[in-house]
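Chemist: The amino acid sequence is not available; the structure is as follows:
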């Protein structure tokens, strides 16, 4: 989720209609490896690993793949060594971007990410150049289909959520929480049999830049290119595209 914007809605729609299992497997395996390396192989003591395994099961990853990724992470079997990096920069019209990557070759990845930026009217910046424009928050997406808006909103706010969003054109309700409250909110929703599409720790922009025309098209292509890259774990940006502009682009 990239914040309260049309890109978030597009991403959720893609997640529901197209699992893209090949790329999902690659990225989730890397996350399992890193989580196991940093926090150990016991899921009861490693929230990050527990979440990664949940994600793996959601895309029907074979149990053997999960087991081997954990073993690679804790050193039981050999495998690539991954590093986590964060890139910051700018897109069309000065849009701020934060890109989180997991890579086994940081020089190659840096070169490729820089090329993606420059190919879409963007540029990489120095560490910290845009990070101050975002807040780290918990985010929960709930499927609109089969879930009454008022019921979801009340359940979320009563369990500690900070904000609730429902765009008319969106396929999900967006719930924002403090990082520490994410698990409680997710648990409360599931206890009421509310269909949680996804939950994650995200970087929410404090302000938005409205895009239209060529800048909007270029920004969407930039985000697509970043998220299609195997090394990119998450990409966050502070842009918004009005509904009428999205309709033109999708025609």
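Modeler: Structure received. If you're wondering where the values come from, they're calculated on a predicted model, not measured in any experiment.
Chemist: Could you use CA atoms for every contact and neighbour count after this?
Modeler: Fine.
Chemist: count of residues packed around residue 26?
Modeler: Neighbours of residue 26 under the rule other C-alpha atoms under 10 Å: 12.
Chemist: Pretty sure it sits against residue 230.
Modeler: Yes: under the criterion of C-alpha atoms under 8 Å, residue 26 makes contact with residue 230 at 7.0 Å.
Chemist: Common neighbours of those two, please.
Modeler: Overlap of the contact sets of residue 26 and residue 230 (by C-alpha atoms under 8 Å, 6 or more residues apart in numbering) is empty.
Chemist: Do a quick rundown of the strands in the stretch 101-250 of the chain.
Modeler: 123-124, 134-143, 163-165, 172-177, 196-205, 209-210, 232-237, 239-240 (DSSP state E, counting those that start in this stretch).
Chemist: for those, which one sits closest to residue 59?
Modeler: strand 196-205 (12.1 Å; C-alpha to C-alpha).
Chemist: Regarding the closest residue to residue 102 other than its chain neighbours, what is its secondary structure?
Modeler: Nearest residue to residue 102, sequence neighbours excluded (C-alpha to C-alpha, 6 or more residues apart in numbering): residue 84, at 4.5 Å. Per DSSP: H, G, I helix; E, B strand; the rest coil, the secondary structure class of residue 84 is strand.
Chemist: Got the domain ranges for the protein?
Modeler: Domain segmentation of the chain under automatic domain parsing yields 6-73, 83-132+207-250, 135-205.
Chemist: The top helix by length along the chain vs strand 232-237, what angle?
Modeler: Longest helix in the chain, counting residues (DSSP state H): helix 21-39. Counting by axes from the mean of the first three to the mean of the last three C-alpha atoms, to 10 degrees, helix 21-39 lies at 100 degrees to strand 232-237.
Chemist: Now do the buried residues in helix 21-39.
Modeler: Under the neighbour-count criterion of 16 or more other C-alpha atoms under 10 Å, helix 21-39 has 25, 27-37, 39 buried.
Chemist: now do stretch 221-234
Modeler: For stretch 221-234, by 16+ other C-alpha under 10 Å, it's 222, 223, 225, 226, 227, 229, 230, 231, 232, 233, 234.
Chemist: Just the ones of those residues in helices?
Modeler: Per DSSP H, the buried residues of stretch 221-234 map to helices at 222, 223, 225, 226, 227.
Chemist: can you redo the strands of the stretch 101-250 of the chain as JSON lines with distance to residue 108?
Modeler: JSON lines is the format used below for the strands of the stretch 101-250 of the chain (distance: least, C-alpha to C-alpha, whole Å):
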{"stretch": "strand 123-124", "distance to residue 108": "15"}
{"stretch": "strand 134-143", "distance to residue 108": "27"}
{"stretch": "strand 163-165", "distance to residue 108": "38"}
{"stretch": "strand 172-177", "distance to residue 108": "35"}
{"stretch": "strand 196-205", "distance to residue 108": "25"}
{"stretch": "strand 209-210", "distance to residue 108": "31"}
{"stretch": "strand 232-237", "distance to residue 108": "13"}
{"stretch": "strand 239-240", "distance to residue 108": "28"}
